[in-house]
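*Asks:* coords below, sequence missing:
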């Protein structure tokens, strides 16, 4: 006899079109309608166990128990009279519990031809139209109200170090050894103050130290390779002697990167995504260090004030895919790469907020994600805070939002507040 209990499982993936929902069409003998994954509970199974089994059987998709999101919704519907013979005497209704699973765009599914004869990935509005049953629509509504805040786990290879990404958001502390950076120019541009600031960030919980020797703020002048090297190498060398943390060199110049690596840097953080210096990719590949590929528009010295693009997500996707191709063609290992959408670089204020709001869409690229909003001018516009020092609370808000949307690494000036934001946001996520 059948158990009058069943499940439905909404499958959602992130793409650059936004969230897409998997719709399955039942074979004609089973009604010919569109629905999510469904299936009956078998003896001894919980609802969640049934959900996992059905997803495996119908889609050849095997997921961990932690990947199943209980939507807190169970609806009851009347069984057709001709079906009642298959159920215990007195049964009139079936209870169906709802779950959701989030997958990456690279995950392949294979449907069971004995169950379904077609499947499509649909945007939410189209999925609501396809799903004709109230229970399916309510499950879809609840699934879409969730965000896929379970970051995919990566191991970021940075030279001789490996940094696990995804279990918690990591903090990259900004150490500008420059006289003219927009937020802290001139504060740490000599060795003593730079080391004191680095020690403070380490004590506050930084996971990575990012040392930069050339400002990329609007209006900043480019500096020579020799000058940039002279600024960053002594700091990196001293830091390497006192900390085991990964050290990043914020540069787009191959000669600076090489000198920084020789001094002990584990990561190259390139605002150009390998566009500005064709030799940089080779330097990174030979050294086997980590690399951050950032999306930006424009050229050195002209990264800001550019005309807006029609679709910022399409532009970021195209730019990052181009940078990925440059990296992989040069022999950089995929596990060495982290991507950054480049908040503030060639983007309008609206673009920056759109990228933050839709940050989880970038997971479609299949790589760990870094974001840097700290003290930036678009926050000043929204919060009406002209001075970068007055944008701490605005930065904290964006930090929490980025964590909630799946950021692996947060690049910040203020490490302790960022660490608190991450801790609280992730505590809320765990209890959802």
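*Replies:* On my side now, so go ahead. Keep in mind that what you see is a predicted model, and the values were worked out from it rather than measured.
*Asks:* in the stretch 101-250 of the chain, which spans are strands?
*Replies:* 116-122, 154-158, 161-165, 170-176, 208-212, 247-250 (DSSP state E, counting those that start in this stretch).
*Asks:* which residues touch the residue nearest to residue 134 when sequence neighbours are not counted?
*Replies:* Closest residue in space to residue 134, ignoring its immediate chain neighbours: residue 75 at 7.6 Å, by Cβ to Cβ, 6 or more residues apart in numbering. No exception for glycine: its C-beta is placed from N, CA and C like everyone else's. Contact partners of residue 75, counting by Cβ atoms under 8 Å, 6 or more residues apart in numbering, are 95, 96, 98, 134, 135, 138.
*Asks:* apply 7 Å and report the result again.
*Replies:* Residues near residue 75 by Cβ atoms under 7 Å, 6 or more residues apart in numbering: 96, 135, 138.
*Asks:* just residue 87 next, same as before
*Replies:* Going by Cβ under 7 Å, 6+ apart, residue 87 touches 1, 2, 4, 79.
*Asks:* so what pLDDT did the closest residue to residue 88 other than its chain neighbours get?
*Replies:* Excluding the flanking residues, the one nearest residue 88 by Cβ to Cβ, 6+ apart is residue 1, at 5.4 Å. If you check residue 1, the pLDDT there is 76.
*Asks:* report the inter-axis angle for the helix or strand where residue 52 lies versus strand 116-122.
*Replies:* Secondary structure from DSSP states H and E places residue 52 in helix 47-59. Between helix 47-59 and strand 116-122, the angle comes out at 100 degrees (axes from the mean of the first three to the mean of the last three Cα atoms, to 10 degrees).
*Asks:* need the next SSE after helix 47-59, C-terminal direction.
*Replies:* Heading C-terminal from helix 47-59 (DSSP H and E), you reach strand 69-78.
*Asks:* mind listing the strands that following strand pairs with, and their directions?
*Replies:* The pairing partners recorded for strand 69-78 under DSSP bridges are strand 93-103 (antiparallel).
*Asks:* tell me which residues are up against the partner strand.
*Replies:* 4-13, 47-48, 51, 55, 63, 67-71, 73-79, 135, 139, 142-143, 146, 148.
*Asks:* now do the residue nearest to residue 134 against residue 137, distance only.
*Replies:* Noted for residue 75: a distance of 11 Å to residue 137, by Cβ to Cβ, to the nearest Å.
*Asks:* next one: residue 62
*Replies:* In terms of Cβ to Cβ, residue 62 sits 27 Å off from residue 137.
*Asks:* ok, these two, which is more surrounded?
*Replies:* Each of residue 62 and residue 137 has its neighbours counted (other Cβ atoms under 10 Å); residue 137 has more, 15 against 10.
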